[in-house]
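In: curious how this folds, go ahead:
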Amino acid sequence: MYRSQLEQVRQTSKNFYEVAEGALDKVDAANPGARAARKSLLDGVALESFGATAEAFDIQNVQEAIILAELRPAYFVLESGIDLKNAVAGDPDLVAVITQNKILLESACQSVGRVDLINHWTLPYAGTGFLIDDNIAVTNRHVAREFAEAIWNGYRFKHGRFGQPMEARLDYRHLHRSQSHQRAEVEEVLYIATDQEPDFALLKVRNLDEVPPLILSATPAPDGAAVAVIGYPAEDADRNEKELMDELFGAVYRVKRFAPGFITGKNDDQIVLMSDYSSLGGNSGSPVCSLETGEVVALHFAGRFKETNYAVAADVLAAASRQMRLTTQAASALLEKTPATSVSDLAGRNGYDPEFLGSGEKRVELPRLGIWAADAAPVEGSEENVLKYTNFSTVQSISRRLPLVTAVNIDGVQSKRLRRKGDWRLDGRLKLEHQIGNQLYRSNPLDRGHMVRRRDPGWGMEAQQAEIDTFHYTNCVPQHEDLNQKDWVGLEDYVLEAAETEGFRATVFTGPIFRDSDERLRDQPGAEDVQIPEEFWKIAVIVNEPTGALSATGYVLSHGPFIRDLVESPFVYGSYRTYQIQIAKIEAETGLTFGTLAEADPLGAEVNSEAPFAQVAREIDGPESLILAPPVS
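Out: Modelled structure (predicted):
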C-alpha cells in the first residue's frame with residue numbers, strides 16, 4: 001500500500017508542475033486559485049500519503065533504548081577507526097562481519113555528524129544527522145524541532161538565548177579522546193515531517209570539509225540482516241538501567257559510537273524496521289547501516305528498553321529526497337522561465353509626458369534623482385535611464401532591484417474599463433541582475449504591488465497595451481496583500497473624482513521609501529538580498545479648476561505590521577494608514593526632488609523637521625479628507 005501511495009504522490013507532483021509552470025507566472029494579487037497552486041507546491045513536499053505511521057505502531061512516546069543485556073556493545077569510533085578491543089564482548093558473528101568489512105564501515109562512520117546547537121537555551125546538541133547528498137542531510141523530526149519550526153512558507157530557525165536565532169551544524173569529529181572538528185553548517189531546513197508521518201527531517205547544509213554522503217540502500221533489508229547504528233548516544237538513565245548502560249557504553253557518552261545488531265522485524269508496510277542494537281538518547285537521527293555494504297538501510301528514531309529499536313526504512317528517505325529535488329528543480333525552472341519583454345517589443349513607447357497638464361508653469365518634469373542618480377539602472381536605448389511604457393515611465397534602482405520612482409499620466413475622460421490582461425514579465429532593456437522576478441513573491445503573502453496602477457494609463461487608443469505594460473516587475477514593489485487591496489488603490493480615484501479637478505486629468509508619481517533599515521526577507525530562496533520597503537509615497541498633480549494653477553498633494557502609506565512575520569526582525573512603529581503629507585517632507589525622506597511641486601502643495605512648502613509625524617500628516621479615509629487646494633482668502 002505504501003509504495004502505491006508514493007507513486008501517486010510522484011504522479012500528482014508531475015502533473016502539478018506541468019500546470020504550475022503557467023500558473024505561477026500568471027499569479028496576481030487577486031487570484032486565489034493561483035495562491036492555492038503555490039500552496040500545493042509546498043504540499044507536494046509534505047508527502048502526506050506516508051500515513052499515520054506513528055499512531056499505527058504506538059511509538060510516539062518512546063526513545064532510544066538498550067535492547068539486549070549481552071553481546072551488544074557500542075564500540076568507540078576513534079580517529080584510527082572502529083575500536084573493537086576496548087569494549088565488553090560482542091556477538092562473534094557480528095564481530096566477524098565488522099572485521100571483514102572494517103574499511104568500508106569506517107568510511108561510513110566519517111559521514112555521520114552530531115547535531116550541535118548554538119544559542120539553544122539548554123542543549124549543546126540535539127541528536128545525530130548524516131549526509132545523503134552533497135548538501136542534504138537527514139535527521140529526525142524531533143531533532144529538527146529543537147532548533148527549527150514551521151512557518152507560512154516553510155521553516156525557520158527558532159530564537160534562543162538573548163533573542164538570537166539558533167544555529168545548527170553537523171560535527172563529524174566528536175570522537176573519544178579527540179578535540180578536532182569537521183563540520184557542515186545547516187543553512188536551511190527543507191522539510192520536517194508532520195506527526196502523522198515517519199520521523200524524519202531534511203536539512204540543507206554547507207559541506208565545509210567535503211565529507212562524502214552516505215548511500216541509501218536500494219534494497220530493503222531482510223529480517224536477520226546484520227546492521228549497526230552510528231551516532232552519538234547520551235547518558236539516558238531515565239529510560240535505561242544505569243549499571244547496564246555504563247557497562248555497555250563504558251560510562252562515556254556524547255561521542256561517536258558504532259553499535260551492531262540484527263534486523264528483527266518490520267511492520268506490515270515495511271516502513272518501520274525493528275532491530276536489537278544498543279542505542280541511547282542522542283542516537284536520534286542515526287543511520288542504520290548494513291554491515292555487508294555500508295549502505296544506509298534505515299534512519300533510527302526510537303526504542304523501548306529491552307524490547308526493540310525502531311527505524312524508518314531507507315526507501316522512505318530516498319522518496320522524500322527525490323521529492324525535494326523535484327520541487328527545488330521545478331521551482332528553479334519556473335524562475336528561469338520568467339519571461340522578459342524584448343527590446344524590440346517595447347520600442348516606440350511614448351512614456352510619461354511632462355506637458356500632459358499643460359506647458360510653461362504647468363509642465364511637470366520627472367523628479368530629479370539626487371542621491372539616487374548613480375543608482376539608476378542603465379536602460380538600453382535611453383541616455384536618461386528611463387524605462388518608457390505606454391502613458392507612463394519608471395526608473396529602476398540597481399541596489400534595490402526595485403523601481404525608484406514611477407510616473408503616469410491619467411486621463412479620466414478617455415479612461416477605459418478593460419478586462420484584466422497581462423502576465424508579469426521582466427524588461428529586456430535592463431540587465432537581469434538589476435531586476436527581481438517571481439522569486440520575490442512566490443510562496444508568501446506579498447503581492448506584486450503595482451506602483452502605476454493597472455487602470456491608470458489605460459486610456460486612449462493604446463489603453464489595452466498600457467494596461468499590459470503595467471505588468472512588468474519594474475513597476476511593482478512587494479506589498480502585503482491586505483495593504484495592496486484595501487488601502488493604496490483608491491487615491492487616484494479620489495483625486496480624479498474631486499469636483500475641482502480640471503478635465504479629470506492627473507499626473508501621479510509613486511514609489512517606495514528606501515531606508516537602510518529596511519529588513520530582508522527570511523526563508524525566501526533567490527531573494528535573500530532584497531530589502532522590503534516599509535513605506536510608500538505618492539504625489540498627485542492636477543490643475544485646480546477654480547484657480548487654473550497646479551495643485552500637488554503628497555501621500556504616505558506604511559505596512560510594517562503586515563510583514564512583521566516575514567522579515568528578519570519586526571518593524572518598530574506604525575500601524576498601516578494612508579496619510580496626506582507635505583511634498584517637501586516626501587523629498588526629505590526619499591532624497592528625490594520634485595521641482596516646484598512643493599510650492600503647489602496646499603499643505604505648504606515649509607517643513608518643521610522637529611515636529612512629530614502626527615503633527616505634519618493628515619490621515620485620510622476618502623475624497624472628503626483630501627486638501628487639494630489652499631483655502632481661498
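
In: tell me where this structure has helices.
Out: Counting by DSSP state H, the chain has helices at residues 2-26, 32-46, 53-57, 92-100, 102-109, 141-144, 242-249, 314-336, 463-469, 481-486, 491-497, 583-590, 613-616.

In: average pLDDT across the first one?
Out: Computed over helix 2-26, the mean pLDDT rounds to 36.

In: how close does residue 375 get to residue 91?
Out: Applying CB to CB, to the nearest Å, the value for residue 375 to residue 91 is 70 Å. Where you see a C-beta, it was placed from the backbone N, CA and C, and this is true even at glycine.

In: compute the number of surrounding residues for residue 433.
Out: 9 (other CB atoms under 10 Å).

In: report pLDDT for it.
Out: 89.

In: cool, the one 4 residues further on as well?
Out: Note for residue 437: predicted pLDDT of 88.

In: skipping adjacent residues, who's closest to it in space?
Out: In space, and not counting its chain neighbours, residue 437 is closest to residue 338: 4.1 Å by CB to CB, 6 or more residues apart in numbering.

In: ok, that neighbour to residue 347 distance?
Out: For residue 338, the distance to residue 347 - CB to CB - is 21 Å.

In: who has more neighbours, those two?
Out: More crowded of residue 338 and residue 347, by other CB under 10 Å: residue 338, with 19 against 10.

In: so what's that one scoring on pLDDT?
Out: 72.

In: please apply the same query to the one 3 residues further on.
Out: You'll see residue 341 listed with a pLDDT of 92.

In: surely it touches residue 472?
Out: Yes: at 6.9 Å, residue 341 and residue 472 qualify as touching, with contact defined as CB atoms under 8 Å.

In: look at those two and report which has more neighbours.
Out: residue 472 (26 against 19).

In: if I look at that one, how far off is residue 425?
Out: Distance from residue 472 to residue 425, by CB to CB: 6 Å.

In: can you work out which residues contact both of the two?
Out: residue 341 (CB atoms under 8 Å, 6 or more residues apart in numbering).

In: wait, residue 159 sits on residue 166?
Out: Yes: Residue 159 lies in contact with residue 166 (CB under 8 Å); the separation is 7.1 Å.

In: the two - which one has more neighbours?
Out: Shown here are residue 159 and residue 166; by other CB under 10 Å, residue 166 has more neighbours (21 against 13).

In: let me know whether the more buried one touches residue 116 as I believe.
Out: No: Residue 166 is not in contact with residue 116 according to CB under 8 Å; the separation is 10.8 Å.

In: number of nearby residues for the spatially closest residue to residue 101 that is not a sequence neighbour?
Out: In this structure, residue 101 finds its nearest non-sequential neighbour in residue 291, 6.1 Å apart by CB to CB, 6+ apart. Residue 291: 24 surrounding residues under other CB under 10 Å.

In: find me the pLDDT at residue 291, would you?
Out: For residue 291, the predicted pLDDT is 97.

In: also residue 138?
Out: 97.

In: so, low pLDDT: which residues of the protein?
Out: 1-63, 152-153, 326-337, 443, 481-500, 522-525, 558-578, 608-633 (pLDDT under 70).

In: so how far is residue 397 from residue 438?
Out: 19 Å.

In: quick one, what contacts the residue lying closest to residue 113 once chain neighbours are set aside?
Out: Distance criterion CB to CB, 6+ apart; nearest residue to residue 113, sequence neighbours excluded, is residue 170 at 2.9 Å. By CB under 8 Å, 6+ apart, residue 170 lies in contact with 113, 114, 115, 116, 129, 130, 131, 137, 183, 184, 186, 205.

In: farthest-separated two in these?
Out: 116 and 131 (15.4 Å; CB to CB).

In: of the two, which one has the most company?
Out: residue 131 (24 against 21).

In: so what's residue 240 up against?
Out: Residue 240 neighbours (CB under 8 Å, 6+ apart): 65, 66, 280, 305.

In: got the contact list for the residue nearest to residue 101?
Out: 94, 97, 98, 101, 105, 226, 227, 228, 260.

In: measure the residue nearest to the fifth one when sequence neighbours are not counted to residue 221 for me?
Out: Spelled out, it's residue 105. Spatial nearest neighbour of residue 105, chain neighbours left out: residue 294 (5.5 Å); criterion: CB to CB, 6+ apart. Residue 294 is 13 Å from residue 221, where distance means CB to CB.

In: looking at those two, which one has more neighbours?
Out: Legend: neighbour count by other CB under 10 Å for residue 294 and residue 221, higher for residue 221 (26 against 21).

In: so the more buried one sits against residue 289, correct?
Out: No: contact criterion CB under 8 Å: residue 221 and residue 289 do not qualify, at 9.9 Å.

In: shared neighbours of those two, anything?
Out: 227, 297.

In: hang on, residue 346 packs against residue 427?
Out: Yes: between residue 346 and residue 427 there is a contact at 7.2 Å, judged by CB under 8 Å.

In: out of the two, which sits in the busier spot?
Out: Using other CB under 10 Å, the more surrounded residue of residue 346 and residue 427 is residue 427, with 26 against 19.

In: contact partners for the nearest residue to residue 462 once chain neighbours are set aside?
Out: Sequence neighbours aside, residue 390 is the residue nearest to residue 462 in space, at 4.9 Å (criterion: CB to CB, 6+ apart). Residues near residue 390 by CB under 8 Å, 6+ apart: 349, 350, 457, 462, 465, 466, 469.

In: gap between residue 390 and residue 351?
Out: For residue 390 relative to residue 351 (CB to CB), the value is 8 Å.

In: please apply the same query to residue 65.
Out: Distance from residue 65 to residue 351, by CB to CB: 73 Å.

In: settle it for me: which of the two has more neighbours?
Out: The residue with more neighbours, out of residue 65 and residue 351, is residue 65; 23 against 20, by other CB under 10 Å.

In: torsion angles phi and psi at that one?
Out: phi -160, psi 160 (degrees, to the nearest 10).

In: how far away is it from residue 182?
Out: In terms of CB to CB, residue 65 sits 29 Å off from residue 182.

In: let me see the ranges of the strands in the stretch 401-550 of the chain.
Out: 403-411, 426-427, 446-450, 476-480, 505-513, 535-543, 550-558 (DSSP state E, counting those that start in this stretch).

In: so what strands line up beside the fifth one?
Out: By that I understand strand 505-513. Using DSSP bridges, the strands paired with strand 505-513 are strand 403-411 (antiparallel), strand 535-543 (antiparallel).

In: and for the second one?
Out: When sheet partners are counted by DSSP bridges, strand 426-427 sits next to strand 340-341 (parallel).

In: what about the partner strand, distance to the chain center?
Out: From the chain centre to the centre of strand 340-341 is a distance of 25 Å (CA atoms, centre = their mean, to the nearest Å).

In: contacting residues around that strand?
Out: 425, 426, 427, 428, 432, 472.

In: rewinding a little: export the strands paired with strand 505-513 to CSV and tack on mean neighbour count and distance to residue 361?
Out: Below are the strands paired with strand 505-513 laid out as CSV (neighbours: other CB atoms under 10 Å; distance: least, CB to CB, whole Å):
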stretch, mean neighbour count, distance to residue 361
strand 403-411, 26, 18
strand 535-543, 23, 10
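
In: in JSON lines: those strands, plus distance to residue 505.
Out: Shown next, in JSON lines, are these (distance: least, CB to CB, whole Å):
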{"stretch": "strand 403-411", "distance to residue 505": "6"}
{"stretch": "strand 535-543", "distance to residue 505": "7"}
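
In: distance check, residue 233 against residue 239.
Out: Taken as CB to CB, the span from residue 233 to residue 239 is 12 Å.
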